[in-house]
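In: Here is the input, now give the coordinates:
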Amino acid sequence: MTDCLFCKIVSGDVPAKVVRESAGTVAFRDINPQAPTHVLVIPRAHHATVGDLAAADAELLAEMVREAHRVAVDEGIADTGYRLVFNTGAQAGQTVFHVHGHVLGGRGMNWPPG
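Out: Prediction:
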């Protein structure tokens, strides 16, 4: 999609602080971090929401989750705990409609969330 911010990051047209890449995903630092570690994991292919991705390509969704865990390992937060969040829809806080998982950690996470 030509007007999608995350598609532009995948293509290299918009810069990002990439921390990890796989065949199907790109992981980069969030520009407005909500925790000491805040990395977004996105598929290279455009899917608007996690539900859309799950219906279209369950293996790619599984790859995203595996890569999110690898980010947590690389960032040193896998053993202490991290949160993986998929906001789905505007009311849930999704602002970019290209599915993305937020890997959050490096501090205590409260429950219930926001």
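In: which other helices and strands contact the longest strand along the chain?
Out: The residue-count maximum for a strand in the chain (DSSP state E) belongs to strand 37-43. Other elements packing on strand 37-43 under the criterion 3 or more CB pairs under 8 Å, 6 or more residues apart in numbering; DSSP states H and E are helix 5-11, strand 18-21, strand 25-29, helix 58-74, strand 101-105. All C-beta spots, glycine's among them, are computed from the backbone N, C-alpha and C.
In: Look at Val65 and say how many residues are nearby.
Out: 14 (other CB atoms under 10 Å).
In: Now do the longest strand of the chain: everything it contacts.
Out: 6, 9-10, 19-20, 24-30, 53, 57, 60, 63-64, 67-68, 71-72, 75, 77, 82, 98-106 (CB atoms under 8 Å, 6 or more residues apart in numbering).
In: Kindly supply the ChimeraX command isolating those of those that are buried.
Out: To isolate the buried ones among the contacts of strand 37-43 in ChimeraX, judged by 16 or more other CB atoms under 10 Å, type:
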select :6,9,10,19,20,24,25,26,27,28,30,53,57,60,63,64,67,68,71,72,75,77,82,98,99,100,101,102,103,104,105,106
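In: re the thing from before, tell me which residues are up against the following helix or strand past the longest strand of the chain.
Out: For strand 37-43, the succeeding helix or strand toward the C-terminus, using DSSP states H and E, is helix 50-56. With contact meaning CB under 8 Å, 6+ apart, helix 50-56 is reached by 43, 47, 60-61, 64, 86, 88, 99, 101.
In: Any idea how far helix 50-56 is from the middle of the chain?
Out: Put simply, helix 50-56 sits 14 Å off its chain's centre (CA atoms, centre = their mean, to the nearest Å).
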